[in-house]
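# Quick one: sequence plus predicted model below, questions after.
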Amino acid sequence: MTETATDIPHLTVVTHPLVQHKLTIMREKDTSTKSFRQLLREISQLLAYEATRNLPMTAKRIETPLVEMDAPVLDGKKLALISILRAGNGLLDGVLELVPAARVGFVGLYRDEVTLQPVQYYFKVPTELEDRLVIAVDPMLATGNSSVAAIDLLKEAGAKNIRFMSLLASPEGVGRMKEAHPDVPIITAALDEGLTDKGYIIPGLGDAGDRMFGTK
Ligand code: URA
């Protein structure tokens, strides 16, 4: 996997050609809902490959058809994947295919259209969050307001080891996350130029939720 650690220490941009090619198709305004959803699922798995790097490993004694060996297996408690609703679900599905035993939680936040501030309407997360690697997923790290609020809630619930995975990030969102949660690494497919006055990422891809679910 080609990845760029960037000069921002907690930010990793996954520059793999497959990720970048798929992302370009997703950005195009005429890409269908079906293709958008499928591409998001595919990219989520490539991002998850990077986000799950350095998971703790242990050895397990196994028998192959030929010999016994100490073989590597994942150590510790199952991962917790947290979808920041609703657009997070588009990333969640693909990651779950890759890590099917993961525990899953949901944080429901919507963005007030006027203040752009997050409003919580749902919160349900796995038990023993403090002992798990927690990967929070939201395709668009835009103003950073909802991401910061979601991470606040996860920390209040006990999470200590959190990573944040998005499809696109803005410099404003990355800065806001770094300020509020410098301990949370961000894994994304692209760092875009900025935000519109309505808080959309530019050049971006529009409203990720609407594009993946075919709503307006
Ligand atoms: N949420 C989206 O879906 N798109 C953006 O550009 C910003 C926030």
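Yep, it's here. Residues are numbered from 1 along each chain as shown.

# only C-alpha atoms for contact and neighbour calcs from this point on.
OK.

# these two touch, right, residue 146 and residue 117?
Yes. Between residue 146 and residue 117 there is a contact at 7.2 Å, judged by C-alpha atoms under 8 Å.

# Looking at those two, which is more packed in?
More neighbours surround residue 146 than the other of residue 146 and residue 117, with 25 against 16 (other C-alpha atoms under 10 Å).

# Could you measure from the closest residue to the more buried one other than its chain neighbours over to the ligand?
Closest residue to residue 146 apart from its sequence neighbours, by C-alpha to C-alpha, 6 or more residues apart in numbering: residue 118 at 5.1 Å. Applying C-alpha to the nearest ligand atom, to the nearest Å, the value for residue 118 to the ligand is 11 Å.

# returning to what we had before: so what sits against both of residue 146 and residue 117?
Residues touching both residue 146 and residue 117 by C-alpha atoms under 8 Å, 6 or more residues apart in numbering: residue 111.

# Relative to the ligand, how far out is residue 211?
Counting by C-alpha to the nearest ligand atom, the gap from residue 211 to the ligand is 8 Å.

# what ranges do the strands span in this protein?
11-13, 57-63, 68-74, 80-85, 103-111, 118-124, 133-137, 140-141, 161-165, 168-169, 186-188, 190-191, 194-195, 201-202 (DSSP state E).

# quick one: average pLDDT of the third one?
Right, strand 68-74. Strand 68-74 shows a mean pLDDT of 97.

# ditto for the second one
Per-residue pLDDT values across strand 57-63 average out to 97.

# for it, the distance to its chain's centre please.
Between the centre of strand 57-63 and the centre of its chain there are 29 Å (C-alpha atoms, centre = their mean, to the nearest Å).

# just checking, residue 141 touches residue 164?
No. Residue 141 lies out of contact with residue 164 (C-alpha under 8 Å); the separation is 9.4 Å.

# near the ligand, which residues of this structure show up?
140, 142, 199-201, 204, 206-209 (C-alpha under 6 Å from any ligand atom).

# In helices, which of these fall?
Members of the residues of the chain next to the ligand lying in helices (criterion: DSSP state H): 208-209.

# Understood, closing this out.
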